[in-house]
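Undergrad: Structure, please.
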Amino acid sequence: MHKPCNVNRLSILAAIMLSGLSTTFGASAEIAVIVNTANNTTLEKADIEKIFTGRMKSYPDGNVAIPMNAAKNMSTRDEFNQSVLGRTSSQVNAYWSKLVFTGKGNMPMELASDAEIISTISSNKGAIGYVSVSSVTDDVKVIAKF
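TA: Now for the predicted structure:
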């Protein structure tokens, strides 16, 4: 004799599995790492990671690198942290909290929008940041996409 199938359990299980798939395969915004148009540097992904984790303070040409983060509520920040730093935003925040608390580093400046990031970088040769590819203007130079 067969046990009756609990439709509610199957529905819940299916919903959980589908939401996991949509998270895994969902469309994520492509991120552009940008610098000032006068900045002629080239950086590898590892260099960008080092700049945004405070382990590299200048570009290969010796000029000071000033990282600019998207605000904590922006999806580009989560995407950048995952794609470039290989960490969740919570992990990155914990990392920076420890460095700041111990006096070993200062968190990158946070800016509220892609437009503000672009404006700040376009007026500061040493600045580096990231925005959604769809937000890029001629006021900045893209050095990498993720």
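Undergrad: how close does residue 58 sit to residue 132?
TA: 27 Å (CB to CB, to the nearest Å). Any C-beta I mention is one placed from the backbone N, CA and C, and that applies to glycine too.
Undergrad: who's more crowded, those two?
TA: Neighbours per residue, other CB atoms under 10 Å: of residue 58 and residue 132, the larger number sits with residue 132, 16 against 13.
Undergrad: Once you drop chain neighbours, what's closest to the more buried one?
TA: Setting aside the residues directly before and after it, residue 132 is nearest to residue 29 in space (CB to CB, 6 or more residues apart in numbering), at 4.9 Å.
Undergrad: got it, and residue 64?
TA: Residue 64's closest residue in space is residue 126 (CB to CB, 6+ apart), at 4.8 Å.
Undergrad: Now do the same for stretch 31-46: mean pLDDT, whole number.
TA: Stretch 31-46 carries an average pLDDT of 97.
Undergrad: hang on, the earlier thing: list the contacts of the residue nearest to residue 64.
TA: Applying CB atoms under 8 Å, 6 or more residues apart in numbering, we find residue 126 in contact with 36, 39, 59, 63-66.
Undergrad: Please apply the same query to residue 125.
TA: 36, 38-39, 63.
Undergrad: In a markdown table: these, plus distance to residue 139, neighbour count and secondary structure.
TA: Below are the contacts of residue 125 laid out as a markdown table (distance: CB to CB, whole Å; neighbours: other CB atoms under 10 Å; DSSP: H, G, I helix; E, B strand; the rest coil):
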| residue | distance to residue 139 | neighbour count | secondary structure |
| --- | --- | --- | --- |
| 36 | 9 | 20 | strand |
| 38 | 11 | 10 | coil |
| 39 | 12 | 22 | coil |
| 63 | 19 | 13 | coil |
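Undergrad: okay, the residues you listed in CSV with distance to residue 106 next?
TA: Rendered in CSV, the data for the contacts of residue 125 read as follows (distance: CB to CB, whole Å):
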residue, distance to residue 106
36, 20
38, 24
39, 21
63, 18
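Undergrad: which among these gets closest to residue 122?
TA: residue 36 (6.4 Å; CB to CB).
Undergrad: Show me what that closest one bridges to in the sheet.
TA: residue 140 (DSSP bridges).
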